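J.: from the sequence below, what's the structure:
(one chain, ligands or ions: 1)
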Amino acid sequence: MQKKPTTVVLIITGGIAAYRALELIRLLRKEGFRVRPVLTKGARAFITPLSAAALAGEKAHAELFSLTDETEMGHIRLAREADAVVVAPATADFMAKAAHGLADDLASTLLLATTAPVLMAPAMNPRMWTHPATRRNTAQLRADGVEIIGPESGEVACGEEGEGRMAEPAEILARVLALIQGRSAELPLSGKRVLITAGPTHEPIDPVRVLANRSSGRMGYALAEAAREKGAEVVLVSGPVALSAPAGVDVRRVETAEEMLRAVRQALAEAPVDIGIFTAAVADWRVKNASASKIKKGPEGPPVLELEENPDILATIAQARAGRPKLVVGFAAETENIARNARAKLKRKGADIIVANDVSEKTGILGGDETELLVISRTGEETRLPRQSKRAAARALLDLLSRHP
Ligand code: C5P
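T.: Residues are numbered from 1 along each chain as shown. Here you go, the predicted model:
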């Protein structure tokens, strides 16, 4: 008997990114999925059902009360047949509707009727994405078990910069694969516990001022998301960043290096950790003479700050006798002699693996969306991960780590 193909119901909602959903159809088909496209009224202002149908090799559904579809209860059948439902692009409006369980068209109705995993790829103007209403709706959808991928930052169609671009179709495909495999197959990190540090630390000068750095936390958050996708239980110890918690990840927020070390130790004491990944840009120094009250401007002139060294979290944990993760991975941001400096850091800190990247200004890696990594292990192997988005690099790195003996 022939095996029934895995069916992805792809809901396309009305945004300029709708045309990129066509590429997603092509990729899903190439992977062997049956794709059943559903276009909202908004989507039909951007692309035609005919182009979606041509690529899918199937009828593209549009109307809830289409006579022919509804005699067979089209929305219920579509909902039942789906092994996964993907909404790409997902507009702010559609997410708001879904968060509240409204069902006034085919797309929103089948979303309520399905028990399949749901993945949404938001695409909208960056200000709409950061609006408290959208934040609220996104949090509600996550709480309801919906997986969210993206949006990515970069220039969006309206010319503004910021988070709002739909995730790359190839990345959406990867997530669909994980979603579907997550139900039926073992994932590479199933049963593993992963601990990640991310972001900068803030070292107080007084109750209102801090010493900080420009780390965005993106690499650490991308790793947390990727580790979770690959089946791991993830604890993310995060310094102050402007990123939202990845779905299904246990995020523990801290401010200072000392708090970060404490949170890491706490996580290690709770249960053994298989992989510890230290991406945080921990401040090297803290203010020794931090003031308990706000320092006032006055005739005595500016205050003199006395600094003292912070603990090196990576080195402390890598060299700990008890509770050390089985695999300790550090990061090395270098501007010159990348490999040589990284090898030296690997030894000095006692890590098993150092992941080096070139953060000299010309690369645009620091604070940017893309990265290129050189993975150096204690046993001498070196693997280069070519330039790609931080999310894709995170997945590639975790694949490497999951195969590490
Ligand atoms: O020495 P350097 O800061 O370049 O080392 C970078 C690596 O060490 C990163 O993995 C970083 O997270 C970790 N680190 C740390 N605690 C510090 C300083 C760095 O965990 N105080």
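J.: when you work out contacts or count neighbours from here on, use the C-alpha atoms and nothing else.
T.: Noted.
J.: can you map out the helices along this protein?
T.: 18-30, 49-56, 67-71, 74-81, 92-100, 106-113, 126-130, 132-143, 169-184, 218-229, 257-270, 313-318, 338-349, 390-403 (DSSP state H).
J.: could you tell me the least trusted of those?
T.: For the helices of the chain, mean pLDDT drops lowest on helix 67-71, to a mean of 51.
J.: reformat the helices of the chain as JSON lines; add distance to residue 329 and mean neighbour count.
T.: Shown next, in JSON lines, are the helices of the chain (distance: least, Cα to Cα, whole Å; neighbours: other Cα atoms under 10 Å):
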{"stretch": "helix 18-30", "distance to residue 329": "33", "mean neighbour count": "19"}
{"stretch": "helix 49-56", "distance to residue 329": "43", "mean neighbour count": "18"}
{"stretch": "helix 67-71", "distance to residue 329": "54", "mean neighbour count": "12"}
{"stretch": "helix 74-81", "distance to residue 329": "42", "mean neighbour count": "19"}
{"stretch": "helix 92-100", "distance to residue 329": "37", "mean neighbour count": "19"}
{"stretch": "helix 106-113", "distance to residue 329": "40", "mean neighbour count": "21"}
{"stretch": "helix 126-130", "distance to residue 329": "33", "mean neighbour count": "18"}
{"stretch": "helix 132-143", "distance to residue 329": "29", "mean neighbour count": "17"}
{"stretch": "helix 169-184", "distance to residue 329": "24", "mean neighbour count": "17"}
{"stretch": "helix 218-229", "distance to residue 329": "12", "mean neighbour count": "25"}
{"stretch": "helix 257-270", "distance to residue 329": "14", "mean neighbour count": "18"}
{"stretch": "helix 313-318", "distance to residue 329": "8", "mean neighbour count": "21"}
{"stretch": "helix 338-349", "distance to residue 329": "9", "mean neighbour count": "17"}
{"stretch": "helix 390-403", "distance to residue 329": "9", "mean neighbour count": "19"}
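J.: out of those helices, which comes closest to the ligand?
T.: helix 313-318 (3.6 Å; Cα to the nearest ligand atom).
J.: and the closest one, does that touch the ligand?
T.: Yes. For helix 313-318, a contact with the ligand is found by Cα under 6 Å from any ligand atom, at 313, 314.
J.: chain center to that helix: distance?
T.: 25 Å (Cα atoms, centre = their mean, to the nearest Å).
J.: for stretch 333-348, same thing?
T.: For stretch 333-348, the distance to the chain centre is 27 Å (Cα atoms, centre = their mean).
J.: same check, this time on stretch 232-242
T.: Remark: stretch 232-242 is offset 11 Å from the chain centroid, using Cα atoms, centre = their mean.
J.: got a list of contacts for it?
T.: 189-202, 216-217, 221, 224, 227-228, 249-256, 260, 263-264, 267, 280 (Cα atoms under 8 Å, 6 or more residues apart in numbering).
J.: give the rounded mean pLDDT of that stretch.
T.: Taken as a whole, stretch 232-242 carries a mean pLDDT of 95.
J.: thinking again about what came up before, can you say which of the contacts of stretch 232-242 are buried?
T.: Burial by neighbour count, judged by 16 or more other Cα atoms under 10 Å, picks out 189-190, 192-202, 216-217, 221, 224, 227-228, 249, 251-256, 260, 263-264, 267, 280 from the contacts of stretch 232-242.
J.: residue 398 contacts residue 227, correct?
T.: Yes. At 6.7 Å, residue 398 and residue 227 qualify as touching, with contact defined as Cα atoms under 8 Å.
J.: pretty sure residue 374 sits against residue 387.
T.: No. Contact criterion Cα under 8 Å: residue 374 and residue 387 do not qualify, at 10.4 Å.
J.: quick one, which of the two is more surrounded?
T.: Counted by other Cα atoms under 10 Å, residue 374 and residue 387 do not tie: residue 374 has more neighbours, with 21 against 13.
J.: what pairs with the more buried one across the strands?
T.: With DSSP bridges applied, residue 374 shows beta-bridge pairing to residue 356, residue 384.
J.: now do the contacts for the nearest residue to residue 113 once chain neighbours are set aside.
T.: Spatially, and ignoring its direct neighbours in sequence, residue 113 is nearest to residue 79 (5.8 Å; Cα to Cα, 6 or more residues apart in numbering). By Cα under 8 Å, 6+ apart, the contact set of residue 79 is 9, 110, 111, 113, 114, 115, 116.
J.: measure residue 79 to residue 226 for me?
T.: For residue 79, the distance to residue 226 (Cα to Cα, to the nearest Å) stands at 28 Å.
J.: and the residue in the stretch 51-200 of the chain positioned nearest to the ligand, what does it touch?
T.: At 6.8 Å from the ligand, residue 197 is the closest residue in the stretch 51-200 of the chain, using Cα to the nearest ligand atom. Shown in contact with residue 197 (Cα under 8 Å, 6+ apart): 220, 236, 237, 238, 239, 260, 264, 277, 278, 279, 280.
J.: present the residues you listed as TSV; the columns should include distance to residue 309.
T.: Output for those, formatted as TSV (distance: Cα to Cα, whole Å):
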residue	distance to residue 309
220	23
236	24
237	21
238	20
239	18
260	15
264	18
277	22
278	18
279	19
280	16
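J.: residues from the chain in reach of the ligand?
T.: Going by Cα under 6 Å from any ligand atom, the residues of the chain near the ligand are 278-284, 310-314, 330-332.
J.: go again using 8 Å as the cut-off
T.: Counting by Cα under 8 Å from any ligand atom, the residues of the chain close to the ligand are 197-198, 257, 277-284, 310-316, 329-334, 345, 349, 354.
J.: please list all residues in contact with the closest residue to residue 81 other than its chain neighbours.
T.: Leaving out its chain neighbours, the residue that sits closest to residue 81 by Cα to Cα, 6+ apart is residue 7, at 6.7 Å. Each residue near residue 7 by Cα under 8 Å, 6+ apart is listed here: 33, 34, 35, 36, 81, 82, 83, 84.
J.: quick check: the third one vs the ligand, distance?
T.: When Cα to the nearest ligand atom, to the nearest Å is applied, the distance between residue 35 and the ligand equals 42 Å.
J.: I figured that residue hits residue 55, correct?
T.: No. The pair residue 35 / residue 55 is not scored as a contact, 9.1 Å apart, by Cα under 8 Å.
J.: shared neighbours of these two, anything?
T.: Common neighbours of residue 35 and residue 55 (Cα under 8 Å, 6+ apart) are residue 25.
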